[in-house]
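> Mind folding the following:
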Amino acid sequence: MAYPDRLLNDNEAVVVDLHPHWWYFVRPTAFLVVAIAAGVATIAMTDTGSTVRTGAAWASLVAIAVATTWVIARYVRWGSTHFVVTNQRIIFRSGVVAKRGVEIPLDRVNTVHSSQSLGERLVGAGDLEIESGGESGRQHFTDIRHPGRVQREIHGQMANRPGRGSDAAGIAFVDVAGQLEKLEAMLDRGTITPEEFERQKRRLLGP
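Coordinates of the predicted model:
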């Protein structure tokens, strides 16, 4: 299900609209598989009509019911969770009854970090951490599909914002000094590593 157009501002266009990566289902699905396998194995190894077999059967049914409920709940939450990037802001919305939402204007975004474990790299999942000015501060988002691509898309939309990219005549304007000061402050606070500082610095200064 796509992010509703009615929730967009005037002249706002969606460039990224993601549900969580399928990695989001790994734990409940694995629990369901283990519950089914354990139930089958226990019943196969016990005598027909024995108390042990009856108890094992009921325990297996309870475990399978719990696991199935977990999978269904995850699916419902997955369908109602959106990570959206538009030409104006970053939006995160989740929840069917009790909703949770975060909105970060692109003009307030300072840095975007992506991270992936080895397993996440193999399946194309990962996390994003977005640091911004204002009340939102630092926000962490998990189970993002191809976080590196999303990170680049956010940077691209930031560059296209008035005053942060090029105008219609192709004249570039970037507040390099201000961005470098922010990066240096983040380096002093330990928010970013020296390697990340150098990488962001090269991006700002260009070749």
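> quick one: low-confidence parts of this protein?
49, 98, 134-136, 162-178, 206-207 (pLDDT under 70).
> So which residues of it form helices?
Using DSSP state H, the helices of the chain run over residues 26-44, 51-79, 118-123, 147-159, 176-189, 194-205.
> export the ones you listed to a markdown table and tack on mean neighbour count and distance to His19?
For glycine as for every other residue, the C-beta is placed from the backbone atoms N, C-alpha and C. Shown next, in a markdown table, are the helices of the chain (neighbours: other Cβ atoms under 10 Å; distance: least, Cβ to Cβ, whole Å):
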| stretch | mean neighbour count | distance to His19 |
| --- | --- | --- |
| helix 26-44 | 14 | 15 |
| helix 51-79 | 14 | 6 |
| helix 118-123 | 11 | 15 |
| helix 147-159 | 17 | 13 |
| helix 176-189 | 14 | 31 |
| helix 194-205 | 13 | 28 |
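> want to try JSON lines for those helices, with distance to Val112 as columns?
Shown next, in JSON lines, are these (distance: least, Cβ to Cβ, whole Å):
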{"stretch": "helix 26-44", "distance to Val112": "25"}
{"stretch": "helix 51-79", "distance to Val112": "23"}
{"stretch": "helix 118-123", "distance to Val112": "17"}
{"stretch": "helix 147-159", "distance to Val112": "5"}
{"stretch": "helix 176-189", "distance to Val112": "12"}
{"stretch": "helix 194-205", "distance to Val112": "10"}
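> do you know which of those lies nearest Asp10?
Nearest to Asp10, of all the helices of the chain, is helix 147-159, at 17.0 Å by Cβ to Cβ.
> which residues are contacting the closest one?
Residues from elsewhere that reach helix 147-159, judged by Cβ atoms under 8 Å, 6 or more residues apart in numbering: 15-16, 18, 83, 85-87, 90, 106, 109, 112-116, 125-128, 130, 144, 164-166, 174, 203.
> can you check stretch 194-206 too?
Thr111, His113, His155, Val174, Val176, Gln179, Leu180, Leu183, Glu184, Met186, Leu187, Ile192.
> What residues sit buried inside stretch 91-105?
Ile91, Phe92, Arg93, Ser94, Ile104 (16 or more other Cβ atoms under 10 Å).
> Spatially nearest residue to the second one (excluding sequence neighbours)?
What it means is Phe92. Val102 (4.4 Å; Cβ to Cβ, 6 or more residues apart in numbering).
> How about the last one?
Distances taken as Cβ to Cβ, 6+ apart put Ile90 closest to Ile104, at 4.4 Å, once the chain neighbours are dropped.
> is that neighbour in a bridge, and if so with what?
For Ile90, the beta-bridge partners are Val85, Ile104 (DSSP bridges).
> Would you mind measuring from the closest residue to Val71 other than its chain neighbours to Gly55?
Spatial nearest neighbour of Val71, excluding adjacent residues (Cβ to Cβ, 6+ apart): Pro28 at 4.6 Å. Here Pro28 is placed at a distance of 25 Å from Gly55 (Cβ to Cβ, to the nearest Å).
> Check Ala159 too.
Using Cβ to Cβ, which is the criterion applied here, Ala159 is 64 Å from Gly55.
> Let me know whether Gly101 touches Arg89 as I believe.
No - Gly101 is beyond contact range of Arg89, at 11.4 Å (criterion: Cβ atoms under 8 Å).
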